[in-house]
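Visitor: here is my input, please return the structure:
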Amino acid sequence: VRATRLALKLGDYCVTEAGFGSDLGAEKFFDIKCRYAGLKPECVVLVATIRALKYNGGVPKTELKTENVEALKKGLVNLETHVENLKKFGLPVVAAINRFESDTDAEIKALEDCCQRLQIPVSLTEIFAKGGEGGIDLAQKVLSELDKNCSNFHCLYELDLSIEEKLEKIAKEIYRADGVNFDAKARKMLKEIKEMQLDHLPVCVAKTQYSLSDDPTKLGKPTGFKLNVRELKISAGAGFIVALTGDIMTMPGLPKVPGGG
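Guide: Next up is the predicted model:
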């Protein structure tokens, strides 16, 4: 919050990198940080990669450099869901295609056509290859959206809802779950949170970044599942309740080859 307020004072525009996707970073940024800080974002830049969309379309990680327009089109449902999520917060969206060397013209066109159908501006960003010059088009399109002044920002839920209701709202609206399951440990903690009169706090969900669900193997736009909450923790100083879902760890482990290729 301090960093954002400082940036707003020192520059004409402030860009915040909120973390993984609309289901994690953006939702927490809006429902927790912006609520507490009184911030009102005016636009969202949704970064998309063709590699990630092909992965969501069923392509193994070892084959992501090979052109596969059909798999890309299948994975576009994931992008569409993130756009829908962001618009639920009342914000205009600009898509930034983070171009990789292996991306083909046919794949780029399929992604651009999708953004056109969704009626959102799209920019092919090549900052990695071209430096600042590769991001000029994106900056101009963001400025164009800001000039329209069409932001109507609002949080997803009100704080007077119960912890169960807040989680249900996030699970159904953002993850597209059918509901929420609470393990015995989580139910015990729910009771304690209510007794401590801390159920007015917002909820910070710890969930896999690989899926809209709590199961990292469910790609694209999963349906027919429930969010499984195994534990709840109180972060009273920070001002939120942490809901641990699936097999997620709050302290990420290292990859098999740390810092390696």
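Visitor: contacts and neighbour counts: CA atoms only from here.
Guide: Will do.
Visitor: was I right to think residue 199 contacts residue 193?
Guide: Yes. Between residue 199 and residue 193 there is a contact under C-alpha atoms under 8 Å: 5.9 Å.
Visitor: more neighbours: which of those two?
Guide: The neighbour comparison of residue 199 against residue 193 (other C-alpha atoms under 10 Å) goes to residue 199, with 23 against 19.
Visitor: returning to what we had before: which residues are in contact with both of residue 199 and residue 193?
Guide: The contact sets of residue 199 and residue 193 do not overlap (C-alpha atoms under 8 Å, 6 or more residues apart in numbering).
Visitor: helix or strand: which one has residue 241?
Guide: Residue 241 is located in strand 240-245, with elements delineated by DSSP states H and E.
Visitor: helices of this protein, start to end?
Guide: Using DSSP state H, the helices of the chain run over residues 2-10, 27-28, 35-37, 50-56, 69-87, 105-117, 127-130, 136-148, 163-170, 184-195.
Visitor: flag every buried residue along the biggest strand by length in the chain.
Guide: Counting by DSSP state E, the longest strand found in the chain is strand 227-235. Under the neighbour-count criterion of 16 or more other C-alpha atoms under 10 Å, strand 227-235 has 227, 228, 229, 230, 231, 232, 233, 234 buried.
Visitor: can you add pLDDT and distance to residue 120 and give those back as JSON lines?
Guide: Shown next, in JSON lines, are the buried residues of strand 227-235 (pLDDT from 0 to 100; distance: C-alpha to C-alpha, whole Å):
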{"residue": "227", "pLDDT": "96", "distance to residue 120": "30"}
{"residue": "228", "pLDDT": "95", "distance to residue 120": "33"}
{"residue": "229", "pLDDT": "96", "distance to residue 120": "34"}
{"residue": "230", "pLDDT": "95", "distance to residue 120": "37"}
{"residue": "231", "pLDDT": "95", "distance to residue 120": "38"}
{"residue": "232", "pLDDT": "96", "distance to residue 120": "37"}
{"residue": "233", "pLDDT": "95", "distance to residue 120": "38"}
{"residue": "234", "pLDDT": "95", "distance to residue 120": "38"}
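Visitor: quick check, nearest of those to residue 36?
Guide: Minimum distance to residue 36 across the buried residues of strand 227-235 is 16.9 Å, recorded for residue 234 (C-alpha to C-alpha).
Visitor: who's in contact with that closest one?
Guide: Counting by C-alpha under 8 Å, 6+ apart, residue 234 touches 193, 240, 241, 242.
Visitor: for those residues, which single residue is the most surrounded?
Guide: That'd be residue 241 among those, by other C-alpha under 10 Å, with 21 neighbours.
Visitor: surely it and residue 200 touch.
Guide: No. At 9.4 Å, residue 241 and residue 200 do not qualify as touching, with contact defined as C-alpha under 8 Å.
Visitor: thanks a lot, catch you later.
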